[in-house]
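**Q** Quick one, what's the 3D model for this:
(2 chains)
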Protein chains: 2
Amino acid sequence: MTRSKSITAAPEIEALIALLAKVPGLGPRSARRAALQLLKKKDLLMLPLAAALSDAAAKVQSCSNCGTLDTANPCALCTAPDRDDGLICVVAEVGDVWALERAGAFKGRYHVLGGVLSALDGVRPDDLRIAKLMERASASGVREVILALAATVDGQTTAHYLAERLAPLSITVSRLSHGVPVGGELDLLDDGTLFAALQSRRPSA
Amino acid sequence: MTRSKSITAAPEIEALIALLAKVPGLGPRSARRAALQLLKKKDLLMLPLAAALSDAAAKVQSCSNCGTLDTANPCALCTAPDRDDGLICVVAEVGDVWALERAGAFKGRYHVLGGVLSALDGVRPDDLRIAKLMERASASGVREVILALAATVDGQTTAHYLAERLAPLSITVSRLSHGVPVGGELDLLDDGTLFAALQSRRPSA
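**A** Down below sits the predicted model:
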C-alpha cells in the first residue's frame, strides 16, 4: 500500500508528492491525490497554501515565556491584560493550549512543556521547559499550578514529577479530574475511566 | 468533530490551518495537527513544501495533446520515442495515468478525459476532452483505443458512449477486463465482480 515506486511524473510533481507524504495525516497514496487536487486548484488553493506556509514559517515563533506559538514574543496569551497571573496551566504541547482555549474554560496563563517525560523515547526533564516553569511558578502572586497533562502513563509520570518539584513552593498544585467525558456513553468507556469516575464521585446537586 | 470555532492563535496560523483543511485527505482536526508539526519542522518540511508548491504551480501544466500533467507541453509521455503511437489508452483522470505507469503494463499513448459523464454531477460530453480524442483516434496509424475507465455506472456509461462515437472509425475499441483482482480472496469479492469473472473465464493454461 505504501510503496514509493517512481510514478514517472515530472520531478517537480514527484518532489511535491514526497514532501506532502511527510505531512502528518497524509501518506504516499493520499499525497498523490492531494498533489493532483492542488494542481487542479492552483489559484484557489495551491498558491495561497504556498504563501501561507512561507508567511507562517517566517513570522511564527515560540513564545520565550510560555512556549506557545505566536507571531508576537511574548505571545498574546502572556500579555493579555484580562488573564489571571496567579494561575499557570501546564500542558505538553501547543495543541493543548488551542484545545483549552477552544473550550474557553481557563482564563489564566499557560506553560507549554514541549512534550512529556518518556523512558521509551528518551525524553528527560532537561529536554522539557521545566526550568522556566520553576522560575515562573516561584514568582510572587502565583497561587496555583494546574497540571493539564494526558491521562497516559507518560503524562501522569510527568505530572507526578512536576508535583514533587513544585511541592517546596507554597502554592496549590492541582490536576485535571478524570471521569466520564461529557456526552460519553458508559458502555463505551474503558475500565480505567469508569473506575476513576466512581472513585471521584460527587454528591448529586 | 468538524467545528471551525476560532482557535485564538495568530491569524497567520489560522489562515494556514484553514487552507490545510481544504487539502484532500485533511480535515479541520488533522489540519491543526499538520500545522503544528510543520511549524516544528520549519527547515526540514515547511519551507521545502512551500517552495515545492510554488515551483510545481509555476511549471506544471496540462499537456494540450493528452491532458496529463507535466512540465513539458507536449508531455514526456506524448513525445517518448519508444512508445507505440498506434495504441491510445483513454482514462478519466491524471491519477489513472500514474497508476498505469506504476503497473508498467502499457507502452502506448494516453488520453485523459478529465472526468466521466455523470447525469448527477451534470458532466456532459462537451465537458470532457472527447473532441481531442476523436481527432487523435482519426489520425493515420492508430490501430486501437483502449477504454480504461472505472467499473462504475458513470465509468461504464462513458465507455459505452465513447465506443459508439469511435465505432465509425475502422479501429479496434477495447475495454479493461473485469475479474478477480490479483491477490484477491474470492469470499471478499462482491457478487458483480464474481459474476463478471465467471462470464469472462478463460481456458486454464
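**Q** now the strands: where do they sit in chain A?
**A** Under the criterion DSSP state E, strands of chain A are mapped to A:61-62, A:69-70, A:84-91, A:108-112, A:144-147, A:172-175.
**Q** Dump these to CSV, plus mean neighbour count and mean pLDDT.
**A** To be clear about C-beta, it is placed using only N, CA and C from the backbone, and glycine gets the same treatment. Formatted as CSV, these follow (neighbours: other C-beta atoms under 10 Å in any protein chain shown; pLDDT from 0 to 100):
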stretch, mean neighbour count, mean pLDDT
strand A:61-62, 17, 94
strand A:69-70, 22, 94
strand A:84-91, 20, 95
strand A:108-112, 23, 96
strand A:144-147, 20, 94
strand A:172-175, 16, 92
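**Q** Let's have those strands in TSV, adding distance to chain B.
**A** Formatted as TSV, the strands of chain A follow (distance: least, C-beta to the nearest C-beta, whole Å):
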stretch	distance to chain B
strand A:61-62	9
strand A:69-70	5
strand A:84-91	13
strand A:108-112	11
strand A:144-147	18
strand A:172-175	23
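**Q** of all those, which lies closest to B:E93?
**A** When those are compared by C-beta to C-beta, strand A:69-70 sits nearest B:E93, at 37.3 Å.
**Q** packing partners for the closest one?
**A** strand A:61-62 (3 or more C-beta pairs under 8 Å, 6 or more residues apart in numbering or on different chains; DSSP states H and E).
**Q** Which positions in the lowest-mean-pLDDT helix or strand in chain A come out as buried?
**A** Least confident element among the helices and strands of chain A, by mean pLDDT, DSSP states H and E: helix A:191-199 (a mean of 78). Going by neighbour count (16 or more other C-beta atoms under 10 Å in any protein chain shown), the buried part of helix A:191-199 is A:T193, A:A196, A:A197.
**Q** same thing with stretch A:113-122?
**A** Across stretch A:113-122, burial judged by 16+ other C-beta under 10 Å covers A:L113, A:G114, A:V116, A:L117, A:S118.
**Q** Am I right that the first one is in contact with A:C89?
**A** No - the pair A:L113 and A:C89 fails to qualify as a contact (C-beta atoms under 8 Å) at a distance of 11.3 Å.
**Q** quick one: contacts of the least confident helix or strand of chain A?
**A** Applying C-beta atoms under 8 Å, 6 or more residues apart in numbering or on different chains, the external contacts of helix A:191-199 come out as A:H178, A:G179, A:V180, A:L186, A:L189.
**Q** can you redo the buried residues of stretch A:113-122 as a markdown table with distance to A:Q156?
**A** Shown next, in a markdown table, are the buried residues of stretch A:113-122 (distance: C-beta to C-beta, whole Å):
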| residue | distance to A:Q156 |
| --- | --- |
| A:L113 | 14 |
| A:G114 | 18 |
| A:V116 | 9 |
| A:L117 | 10 |
| A:S118 | 12 |
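**Q** Including pLDDT and distance to chain B, could the residues you listed go into JSON lines?
**A** Conversion of the buried residues of stretch A:113-122 to JSON lines gives the following (pLDDT from 0 to 100; distance: C-beta to the nearest C-beta, whole Å):
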{"residue": "A:L113", "pLDDT": "97", "distance to chain B": "14"}
{"residue": "A:G114", "pLDDT": "95", "distance to chain B": "10"}
{"residue": "A:V116", "pLDDT": "95", "distance to chain B": "15"}
{"residue": "A:L117", "pLDDT": "96", "distance to chain B": "19"}
{"residue": "A:S118", "pLDDT": "94", "distance to chain B": "17"}
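**Q** got the domain boundaries for chain A?
**A** What automatic domain parsing lists as the domains of chain A is A:11-59, A:69-203.
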